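Visitor: Sequence plus predicted model, see below.
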Amino acid sequence: MSLAVAADVGVEAEAARRRTFAIISHPDAGKTTLTEKFLLYAGAVAEAGAVKARAGRRRATSDWMALEQQRGISITSTVLQFTYRGHVVNLLDTPGHRDFSEDTYRVLAAADAAIMVLDVAKGVEAQTLKLFEVCRARSLPVLTFLNKYDRPGRDPLGLLDEIEARIGLRPTPVTWPVGIPGNFRGVIDRRDGSFVRYMRTAHGASSAPEERVDAERAAAEEGDAWHQAREATALLDEVGAGLDVASFLAGSSSPLFVGSALTNFGVRHVLDAVVDLAPPATARLDDSDLPRPLDAPFAGFVFKIQANMDPAHRDHVAFVRVCSGRFTRGMILVHGPSGRPFSTKYAASVFGAERDTIDVAYPGDVVGLVNASGLRIGDTLYGAEPVAFPPIATFAPELFASARPRDTGRHKQFTKGITQLEREGVVQVLHDPDGDPVPVLAAVGAMQFEVFSHRLAHEFGAEVDLAPAPYKVARRTDRRTTEHLREVRGTRVLARADGTLLALFDSPYQLQRLEQEHPDWRLDPVVSAGDPA
Ligand code: G4P
């Protein structure tokens, strides 16, 4: 065995130090604020300012890029890496707001855990639910942070019921609030029954001083607020809602923390939980369902492709999640699907305004490969013997538009561009199996169409006219059902590049009616996650 493929003992130790996770939340629940506070507690920034992302600016850039501009810190729009208590934490960005797209979901394919941030006044909201579905499909362990307890909100016991009922995840509170929303004093740490009292700092710019107080003193000093909190935790004890690490790791229970990212209350508890409870990078299953040992030679897969990140260069960066082995810049990898060598001379770790080259990376880390126009989502890169990881799911599209070249003389460029952008996963491209040559684009976020049009015009020289199609919901179907659907108004069946037939409906009620009237038709929910088409 050559040196290059010998087991690398340092890799396992490095993987054990890695925590790679994403934050899932609905816009405005506090993802950006919590991210910034993690940086504060990890010592990556000296002082945090209240994140005042003004609406206009936020529209112009991704959440983290706005944060980067405001704070003058260097973070990437895809992964933020910092150390905390001797661990290397990789926080993956799940683009939200206007940037919501299939990338938002795909990022979760590269994560080992997630933090679900809920606004205590709002509970489980639509986007959280969608993202959680992807976590569920991957059995990803999820920590929950009930945020904004510093201001009026809902009864937290009611929220526990809502989490369990709406998403089927059993919340197991590790901390519980003392004081009502709006007059938040601190939390009971259910692990030892003590009271953690927080003090506010000006604008939450520095960590909130905290004091650990025993139950007796807490009762004397906090009175009713303490007794009410104790009653609630006694109830939680009775129903057995205690921390259960095994079911957390299996993705069926969720350790829950209460706090306020704005005032820093409870932030340390969550960050500690990332290190203490969330799993390290572990052996990933390959496409034959065999765990790929961490210390096997380098292997990783592409989970995101971003083009034109550097406006000065027309480039593609492929983000690769390292699954096994040690990555060293300059190594020649093999691109799984083509068998071609791939040079990593320009591997980069930071993709904000500036790029830093990355010299070494371990399982759990993300490496950005520049000049990656030949790579596509889900591709494996490996260093020695061939390996492939399972494909990354495609997601149920919710927006549709038919696409025509503005200038019919540029049809060739148009077709070439569509093929390339489809390969990169910018949009899904659907075709009429019966011959209508006008492709229909499908996406989960409107931004995907904008990126598509922009790139088609600027990189391929083909302006496109997009006409929104009225469809609202898609189902997977088969040939037999397609024949029946031909007779039904307001529906259309189109084929995805992988051959999957998608039936599109312009109203969910119509679909519901058809499902009731024709239980024998095949109208399966489109893969929402985890289940490759
Ligand atoms: P997001 O990334 O999930 O979209 O949310 P973000 O952190 O940007 O937070 C959304 C708003 O909520 C921000 O207000 C932020 O300051 C506020 N916020 C976040 N965490 C807390 C918390 O624990 N308590 C309170 N009270 N507010 C919190 P903003 O953008 O400045 O808008 P505005 O509220 O000033 O209008």
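Guide: Received, thanks.
Visitor: okay, now Gly43: neighbour count?
Guide: When neighbours are counted by other Cβ atoms under 10 Å, Gly43 registers 11. From N, CA and C alone the C-beta is placed, and that goes for glycine too.
Visitor: which stretch of helix or strand covers it?
Guide: Assessed by DSSP states H and E, Gly43 sits outside every helix and strand.
Visitor: ok, it to Ser206 distance?
Guide: From Gly43 over to Ser206 the distance is 11 Å, taken as Cβ to Cβ, to the nearest Å.
Visitor: Same check on Leu108?
Guide: To Ser206, Leu108 is 32 Å away according to Cβ to Cβ.
Visitor: more neighbours, these two?
Guide: Set Leu108 next to Ser206 and count neighbours by other Cβ under 10 Å: Leu108 wins out with 27 against 13.
Visitor: That one contacts Ile23, doesn't it?
Guide: No: judged on Cβ atoms under 8 Å, Leu108 makes no contact with Ile23 at a distance of 10.6 Å.
Visitor: overlap in contacts of these two?
Guide: Listed as contacting both Leu108 and Ile23 by Cβ atoms under 8 Å, 6 or more residues apart in numbering are Thr94, Ala114.
Visitor: And the helices in the stretch 351-500 of the chain?
Guide: Taking DSSP state H, counting those that start in this stretch as the criterion, the stretch 351-500 of the chain carries its helices at 411-423, 446-460, 479-485.
Visitor: Make CSV from those helices and add distance to Leu256 to it.
Guide: Output for the helices of the stretch 351-500 of the chain, formatted as CSV (distance: least, Cβ to Cβ, whole Å):
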stretch, distance to Leu256
helix 411-423, 40
helix 446-460, 32
helix 479-485, 43
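Visitor: ok, and what's touching whichever strand or helix holds Cys135?
Guide: If you go by DSSP H and E, Cys135 is part of helix 126-137. Defining contact as Cβ under 8 Å, 6+ apart, one finds that helix 126-137 is touched by 24-27, 29, 94, 96, 100, 104-105, 108, 114, 116-118, 140, 142, 166-169, 251, 393, 395, 528-531.
Visitor: out of those, which are buried?
Guide: Buried by 16 or more other Cβ atoms under 10 Å: 24-27, 29, 94, 96, 100, 104-105, 108, 114, 116-118, 140, 142, 167, 169, 251, 393, 395, 528-530, out of the contacts of helix 126-137.
Visitor: of the contacts of helix 126-137, list those near the ligand.
Guide: Ser25, Pro27, Ala29, Gly96 (Cβ under 6 Å from any ligand atom).
Visitor: Please report phi then psi for the closest residue to the last one other than its chain neighbours.
Guide: So the one you mean is Gly96. Leaving out its chain neighbours, the residue that sits closest to Gly96 by Cβ to Cβ, 6 or more residues apart in numbering is Pro27, at 5.2 Å. Dihedral pair for Pro27: phi -50, psi 140, per degrees, to the nearest 10.
Visitor: Touching, Pro27 and Asp99? I think so.
Guide: No: with contact defined as Cβ under 8 Å, Pro27 does not reach Asp99; the gap is 10.3 Å.
Visitor: what's around Asp436, how many residues?
Guide: Counted with other Cβ under 10 Å, the neighbours of Asp436 add up to 12.
Visitor: repeat for the one 10 residues further on
Guide: Neighbour count for Ala446, taken as other Cβ under 10 Å: 16.
Visitor: Show the pLDDT at it.
Guide: pLDDT for Ala446: 86.
Visitor: That one contacts Pro397, correct?
Guide: No: using Cβ under 8 Å, Ala446 is not in contact with Pro397, being 11.7 Å away.
Visitor: And stretch 264-274, what's buried?
Guide: By neighbour count with 16+ other Cβ under 10 Å, stretch 264-274 contains the buried residues Asn264, Phe265, Gly266, Val267, Arg268, His269, Val270, Leu271, Ala273, Val274.
Visitor: Which one of those is nearest to the ligand?
Guide: Closest approach between the buried residues of stretch 264-274 and the ligand, by Cβ to the nearest ligand atom: Phe265, at 7.7 Å.
Visitor: and that closest one, what is it in contact with?
Guide: Tyr149, Asp150, Phe184, Gly186, Val187, Tyr198, Ala208, Gly259.
Visitor: Just give me the neighbour total for the fourth one.
Guide: The one in question is Gly186. Neighbours around Gly186, by other Cβ under 10 Å: 29.
Visitor: Beta-bridge partners for it, please?
Guide: In this entry, Gly186 is beta-bridged to Val178, Arg197, by DSSP bridges.
Visitor: Against Ala462, how distant is it?
Guide: 60 Å.
Visitor: I'd like a version of the contacts of Phe265 in TSV, one that adds distance to the ligand and pLDDT as further columns.
Guide: Shown next, in TSV, are the contacts of Phe265 (distance: Cβ to the nearest ligand atom, whole Å; pLDDT from 0 to 100):
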residue	distance to the ligand	pLDDT
Tyr149	7	94
Asp150	5	93
Phe184	9	90
Gly186	14	94
Val187	14	95
Tyr198	12	90
Ala208	11	84
Gly259	7	95
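Visitor: List only buried entries from the residues you listed.
Guide: Tyr149, Asp150, Phe184, Gly186, Val187, Tyr198, Ala208, Gly259.
Visitor: can you pull the contacts of Ser338?
Guide: Gly374.
Visitor: Can you report phi and psi for it?
Guide: phi -100, psi -20.
Visitor: how close does it sit to the ligand?
Guide: According to Cβ to the nearest ligand atom, to the nearest Å, Ser338 stands 38 Å off from the ligand.
Visitor: any idea of the pLDDT on that residue?
Guide: 93.
Visitor: Around the residue nearest to Thr33 when sequence neighbours are not counted, how many other residues sit close by?
Guide: Nearest residue to Thr33, sequence neighbours excluded (Cβ to Cβ, 6+ apart): Ala261, at 4.2 Å. By other Cβ under 10 Å, the residues close to Ala261 number 28.
Visitor: Ala261 reaches Leu39, doesn't it?
Guide: No: look at Ala261 against Leu39 with Cβ under 8 Å: they stay out of range, at 11.8 Å.
Visitor: Could you list the low-pLDDT ranges of the stretch 1-150 of the chain?
Guide: Where the stretch 1-150 of the chain drops to pLDDT under 70, the residues are 1-9, 46-77, 97-98.
Visitor: Can you pull the domain assignment for the protein?
Guide: Here the domain assignment for the chain is 22-74+112-276, 284-382, 399-517, based on automatic domain parsing.
Visitor: nearest to Val11, of those?
Guide: When the domains of the chain are compared by Cβ to Cβ, domain 284-382 sits nearest Val11, at 4.7 Å.
Visitor: Take the domains of the chain and write them to JSON lines, including distance to Val88.
Guide: Listed next are the domains of the chain as JSON lines, based on distance: least, Cβ to Cβ, whole Å:
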{"stretch": "domain 22-74+112-276", "distance to Val88": "10"}
{"stretch": "domain 284-382", "distance to Val88": "7"}
{"stretch": "domain 399-517", "distance to Val88": "28"}
